[in-house]
Structures are given as C-alpha cells and as structure tokens.
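>>> sequence and predicted structure are below.
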Amino acid sequence: MHPVRKQRLGIVVFILLASAAAAAFLGFALRENINLFYPPADIAAGKAPLDRKIRAGGMVEEGSVQRASDSLKVRFKVTDYSASVEVAYEGILPDLFAEGEGVVVTGTLGQDGIFQASEVLAKHDENYMPPEVSEALKKSEEARAGAAYDGENAGS
C-alpha cells in the first residue's frame with residue numbers, strides 16, 4: 001500500500017473512531033437527562049419505572065392538598081380522572097398551583113407508590129395545558145365515555 005494512501009486510511013479510521021466515541025458519550029449523557037412522561041393511569045397500573053426520574057401530569061385533585069404547618073412539605077394527588085397518584089413535595093409551590101388546575105411534576109416514584117417530586121410546574125394561563133397532560137386527559141375521557149357506553153348497552 002502506498003504511504004500516502006496508508007496515511008489517509010489512518011486518518012479516516014481515526015475520524016470514524018472519534019465519531020463513534022463522541023456518539024457514545026452523547027447517548028450516555030442524554031440517557032441520564034431524559035425524563036419520560038407518564039399519566040397517573042400508567043403510574044397506577046405499574047407501567048412507570050421505580051426510583052428513576054420521570055414526569056407525571058394531570059389535574060390537582062380537589063380536596064387533596066395537605067400542607068405541613070411547620071415546613072414547606074406538601075402532599076397532593078394528581079389525577080387524569082381515571083386514576084390518581086399521591087405526590088410529596090418540599091419547596092415553594094408555583095403561584096398558579098391550585099386544586100382543579102393542571103400540573104406537571106418531575107421526580108421519582110418510590111416503592112410505596114408515592115411520587116417524590118423535585119419540581120412542580122403549574123399551567124401558566126387559563127387556556128394552556130401541557131401537551132402530555134392534554135393527551136392523557138383526552139385518552140382518559142375517551143375510555144370513560146366508552147365504558148359508560150358499554151354499560152348503557154349491557155342493559156339492552
């Protein structure tokens with residue numbers, strides 16, 4: 001093999017190996033930062049991983065907010081109207097956080113089924129709904145409507 005050709009081949013091999021290493025490092029770094037979204041129905045069904053950072057969203061269940069009087073600890077339930085998940089959070093809640101309003105929480109699901117939130121995001125105006133929450137609520141409503149329709153037809 002000609003020396004110039006051998007040198008070019010070495011450069012090409014080096015570039016390919018460096019690109020593969022960079023892609024592997026990038027994939028590893030992104031894998032650690034991906035937070036998959038799970039609606040409460042999927043979490044209640046056991047589809048969400050335990051002790052791994054995920055996002056959950058839905059509506060804050062009416063009457064579920066419990067605040068500790070001596071700390072910033074808060075417990076509340078997030079629902080998609082077919083299932084609810086209890087959330088524990090310690091920190092200052094967003095100003096727009098309220099019962100019956102949309103919320104997205106980031107954190108980990110514990111072995112006890114309680115979602116330990118590290119971040120709570122509330123919807124920012126009366127018309128906005130995060131796309132994941134909107135889709136989960138729509139699926140839940142369709143499932144409930146289908147179940148109600150089946151129940152009406154069962155008596156016929």
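Perfect, thanks for sending it. Numbers count the residues shown, from 1 in each chain.
>>> so where is the chain shaky, pLDDT-wise?
32-33, 124-130, 147-156 (pLDDT under 70).
>>> what about the strands in it?
Applying DSSP state E to the chain gives strands spanning 36-38, 53-60, 66-67, 73-79, 84-90, 102-109, 115-122.
>>> would you format these as a markdown table with mean neighbour count included?
Heads up, the C-betas are built off the backbone N, CA and C, glycines and all. Formatted as a markdown table, the strands of the chain follow (neighbours: other CB atoms under 10 Å):
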| stretch | mean neighbour count |
| --- | --- |
| strand 36-38 | 18 |
| strand 53-60 | 23 |
| strand 66-67 | 12 |
| strand 73-79 | 20 |
| strand 84-90 | 19 |
| strand 102-109 | 21 |
| strand 115-122 | 18 |
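>>> tell me, what residue is most central in the chain?
Central residue of the chain (CA atoms, centre = their mean): Arg55, 1.9 Å from the mean position.
>>> so what's that residue bridging to?
Phe37, Thr106 (DSSP bridges).
>>> do Ser84 as well
The partner residues for Ser84, given DSSP bridges, come to Thr79.
>>> sorry, back to before: export the strands of the chain to CSV and append columns for distance to Ser140.
Output for the strands of the chain, formatted as CSV (distance: least, CB to CB, whole Å):
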stretch, distance to Ser140
strand 36-38, 13
strand 53-60, 8
strand 66-67, 24
strand 73-79, 9
strand 84-90, 11
strand 102-109, 13
strand 115-122, 18
